[in-house]
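1. kindly generate the corresponding structure for this input.
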Amino acid sequence: MPDLATKWTISKDAKKITFELRKGVKFSDGSTFDSEDVAETVGFNCRMNVKNYIGYAPALWAAVDGCADLDGKLTGIPSGVKVIDAYNIEINLTKGNAVWLRGMTDAVYSIIPKEVHSGLTFKEWAGSDFVVDQPVGTGPYTLKKFKRNAYLEFDANPNYFGGKPKIDKIFLYVAVAQTNVLPMLTKGELDLAIDVDATMEDQVDKLPNYNSVWNNTTGSRYFQFRDDHPTFGDKKVRQAVLFAFDYRTYLKNVLKGRGGVRWMFPSFDQNRGNLEKYEYDPAKAKALLKESGADLSKPYKINVLAGDPGDATMSVALKQALEAVGMKVELNVLENAAWANETRIPKADKDTWALTFNSGGALGLATWKGFSVFNCVTPIFSFYAKCDIPDLYTKLMLETDPAEQDKIEDALAKIINDEVPFYIPWTRQTYNVVSKKLGGSFALYPNDRDSTMGVVDWIMAK
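-> Residues are numbered from 1 along each chain as shown. This is a model prediction of the structure:
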């Protein structure tokens with residue numbers, strides 16, 4: 001979506017992106033935003049930030065041609081960045097990447113004014129006013145004060161190019177313990193609580209000033225198969241597991257319908273291509289197990305993360321479903337560290353885990369996000385060693401034609417749906433509490449972090 005850039009074009013080989021920038025934008029310190037700030041932000045990250053960043057690093061800048069040549073320097077922009085004029089800039093990548101721009105929407109790729117970092121060493125930058133307590137940006141709010149791991153206080157930016165926000169101040173609590181949320185709501189200390197403990201819903205519904213809101217998200221639950229397992233390496237066994245477990249009824253009855261049924265990764269159009277929906281069919285599960293020749297006389301190990309209520313209930317339900325079609329199942333309950341170690345055993349044997357549970361949100365953000373899951377050379381997540389899926393993902397990341405992208409996505413969906421290297425039975429809903437006074441353009445987005453995009457037009461009734 002347009003923001004600081006109003007238009008952009010991508011070359012056919014996905015190496016060159018040309019941006020037309022928005023005119024009349026000012027940073028929160030009053031300085032003017034232009035192409036030089038974009039170029040210097042790229043150069044700055046090439047010189048210092050990518051390798052020194054604490055936390056989530058803006059690693060995509062490293063894809064810009066010539067970025068590596070600036071390592072350790074105090075000034076300069078990479079050769080791949082060309083300033084055309086004050087409001088037009090060209091960025092060239094070393095290798096084609098049609099989805100590079102999509103990745104650039106993450107917050108760590110914000111543009112900052114060149115004046116705040118010019119000529120600074122990393123040590124000087126790390127202790128600068130910008131980093132310590134006075135960040136400068138182009139957004140609708142400015143940071144007034146904050147206490148690390150406690151709160152951030154924001155004031156409306158009267159110079160924001162999209163207009164001054166209608167709410168003058170936002171006070172954001174961070175790292176709030178789940179047990180403290182309900183008492184804060186009861187005292188009227190919160191107007192919005194995102195992704196909180198759903199067990200408080202009945203109590204929240206008794207409070208006169210709040211609404212309970214369930215939100216469909218990009219987050220999803222995974223059935224993570226061990227695809228190199230002597231038995232579960234056969235796709236017929238993996239398919240049998242899905243036909244054996246009535247996960248639609250489980251979602252309806254146990255999870256109270258809080259989610260959306262899937263038979264393909266989120267972000268794919270699962271209604272294209274006549275994909276298998278894996279409707280509950282225990283007879284088909286038994287037939288597939290018989291065809292596979294699986295040894296049903298011994299138990300197969302399913303890893304369960306201790307303390308995870310979702311894993312606990314689902315693992316028992318799945319165990320019962322698989323035993324109903326003739327399999328024997330051993331639930332292997334593990335603490336965090338042991339679970340992590342167990343799921344990373346490099347080579348499976350007959351006693352290695354056959355299935356574990358996992359969850360995440362990245363796969364729902366874009367179809368190409370699945371590329372990180374599949375690596376046929378050193379498979380470490382799905383253990384799927386064939387190269388058909390990763391090769392198609394590589395092709396997808398180079399394709400700039402939307403019609404051709406659809407064809408590649410459909411080819412990927414057909415293989416993943418059939419091979420089920422791992423499976424997503426449903427997407428996740430979050431439980432949120434919203435003040436009845438909060439309105440205007442307020443809405444919860446599938447990716448919670450995006451929900452503030454319309455914050456300028458949020459309103460709080462008096």
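
2. all contacts plus neighbour counts: C-alpha atoms, from now on.
-> Noted.

3. let's verify Met184: helix, strand, or coil?
-> Secondary structure for Met184, judged by DSSP: H, G, I helix; E, B strand; the rest coil, is helix.

4. show me which residues of stretch 93-107 are buried.
-> 93, 96-100 (16 or more other Cα atoms under 10 Å).

5. where do the helices sit along the chain?
-> 35-44, 50-52, 100-103, 122-126, 129-132, 178-186, 201-204, 235-244, 247-253, 282-292, 309-324, 336-342, 388-396, 402-419 (DSSP state H).

6. closest to Ile111 out of these?
-> helix 35-44 (6.0 Å; Cα to Cα).

7. look at Cys50 and report its pLDDT.
-> Just so we're on the same page, residue 50 is Val rather than Cys. For Val50, the pLDDT comes out at 73.

8. measure it to Lys436 for me?
-> Going from Val50 to Lys436 by Cα to Cα, to the nearest Å gives 43 Å.

9. show me where the stretch 151-300 of the chain has strands.
-> 151-156, 169-173, 192-193, 210-225, 259-261, 299-305 (DSSP state E, counting those that start in this stretch).

10. could these go into a markdown table alongside distance to Glu115?
-> Compiled in a markdown table, these are given as follows (distance: least, Cα to Cα, whole Å):
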| stretch | distance to Glu115 |
| --- | --- |
| strand 151-156 | 23 |
| strand 169-173 | 27 |
| strand 192-193 | 36 |
| strand 210-225 | 38 |
| strand 259-261 | 47 |
| strand 299-305 | 49 |
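
11. give the rounded mean pLDDT of stretch 75-86.
-> In the prediction, stretch 75-86 has an average pLDDT of 97.

12. circling back: tell me which of the strands of the stretch 151-300 of the chain lies nearest to Ser11.
-> Among the strands of the stretch 151-300 of the chain, strand 210-225 sits nearest to Ser11 (Cα to Cα), with 29.6 Å.

13. can you show me the CA trace of that closest one as CSV?
-> Extracted in CSV, the C-alpha atoms of strand 210-225 (Å, rounded to 0.1, in the frame of the first residue of the first chain):
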residue,chain,number,x,y,z
TYR,A,210,-16.4,-3.3,26.9
ASN,A,211,-17.1,-5.6,24.0
SER,A,212,-15.4,-9.0,23.5
VAL,A,213,-14.1,-9.4,20.0
TRP,A,214,-12.8,-12.5,18.4
ASN,A,215,-10.5,-11.9,15.4
ASN,A,216,-9.5,-14.3,12.6
THR,A,217,-5.7,-14.0,12.3
THR,A,218,-2.9,-15.2,10.1
GLY,A,219,-1.7,-17.5,12.9
SER,A,220,-2.2,-21.2,12.4
ARG,A,221,-1.7,-24.6,14.0
TYR,A,222,0.6,-27.1,12.4
PHE,A,223,0.7,-30.9,12.3
GLN,A,224,4.5,-31.2,11.8
PHE,A,225,5.2,-34.6,10.4
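
14. check which helices and strands it sits against.
-> helix 201-204, strand 355-360, strand 422-435 (3 or more Cα pairs under 8 Å, 6 or more residues apart in numbering; DSSP states H and E).

15. tell me the strands beside the longest one, with direction?
-> Same thing as strand 422-435. Counting by DSSP bridges, the strands paired with strand 422-435 are strand 192-193 (antiparallel), strand 210-225 (antiparallel), strand 259-261 (antiparallel).

16. contacts only, for the residue lying closest to Tyr300 once chain neighbours are set aside.
-> Residue nearest to Tyr300 in three dimensions, not counting chain neighbours: Val329, with 4.9 Å by Cα to Cα, 6 or more residues apart in numbering. By Cα atoms under 8 Å, 6 or more residues apart in numbering, the residues touching Val329 are 299-302, 319, 322-323.

17. now do the buried residues in the least confident helix or strand in the chain by mean pLDDT.
-> Every helix and strand of the chain was ranked by mean pLDDT, DSSP states H and E. The lowest is helix 50-52, at a mean of 76. Going by neighbour count (16+ other Cα under 10 Å), the buried part of helix 50-52 is Val50.

18. output the contacting helices and strands for it.
-> Partner elements for helix 50-52 (3+ Cα pairs under 8 Å, 6+ apart): none found.

19. what sits up against it?
-> 57-59, 61-62, 122.

20. now do stretch 5-18
-> For stretch 5-18, the surrounding residues in contact (Cα under 8 Å, 6+ apart) are 19-22, 88-98, 398-400.

21. quick one: average pLDDT of that stretch?
-> On average, stretch 5-18 scores 96.

22. how far off centre is that stretch?
-> Remark: stretch 5-18 is offset 24 Å from the chain centroid, using Cα atoms, centre = their mean, to the nearest Å.

23. how long is stretch 105-116 from one end to the other?
-> Stretch 105-116: ends 22 Å apart by Cα to Cα.

24. got the buried residues for that stretch?
-> Per 16+ other Cα under 10 Å, stretch 105-116 contains these buried residues: 109, 111-114.

25. kindly report the same for stretch 401-420.
-> 405-406, 408-410, 412-414, 416-420.

26. a markdown table please, covering those residues and showing distance to Gly257.
-> Formatted as a markdown table, the buried residues of stretch 401-420 follow (distance: Cα to Cα, whole Å):
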| residue | distance to Gly257 |
| --- | --- |
| Gln405 | 32 |
| Asp406 | 30 |
| Ile408 | 32 |
| Glu409 | 28 |
| Asp410 | 28 |
| Leu412 | 28 |
| Ala413 | 25 |
| Lys414 | 27 |
| Ile416 | 25 |
| Asn417 | 23 |
| Asp418 | 26 |
| Glu419 | 27 |
| Val420 | 24 |
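
27. just put the residues you listed in a markdown table and tack on distance to Thr9 and pLDDT.
-> Formatted as a markdown table, these follow (distance: Cα to Cα, whole Å; pLDDT from 0 to 100):
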| residue | distance to Thr9 | pLDDT |
| --- | --- | --- |
| Gln405 | 17 | 95 |
| Asp406 | 20 | 96 |
| Ile408 | 22 | 97 |
| Glu409 | 22 | 97 |
| Asp410 | 25 | 97 |
| Leu412 | 26 | 97 |
| Ala413 | 28 | 97 |
| Lys414 | 31 | 97 |
| Ile416 | 32 | 96 |
| Asn417 | 33 | 97 |
| Asp418 | 36 | 97 |
| Glu419 | 36 | 96 |
| Val420 | 36 | 96 |
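
28. surely Val136 meets Asp29?
-> Yes: the criterion here is Cα atoms under 8 Å, and Val136 meets it with Asp29 at 6.3 Å.

29. number of nearby residues for Gln224?
-> Here the number of neighbours of Gln224 (other Cα atoms under 10 Å) works out to 23.

30. contact partners for it?
-> Gln224 neighbours (Cα under 8 Å, 6+ apart): 355-358, 382, 421-423.

31. go again using 10 Å as the cut-off
-> By Cα atoms under 10 Å, 6 or more residues apart in numbering, the contact list for Gln224 reads 302-303, 343, 354-359, 381-383, 420-424.

32. and it, what are its bridge partners?
-> Thr356, Phe422.

33. distance check, the spatially most central residue of the chain against Pro158.
-> By Cα atoms, centre = their mean, the chain has its centre lying nearest to Ala362, at 3.0 Å. Distance, Ala362 to Pro158, by Cα to Cα: 35 Å.
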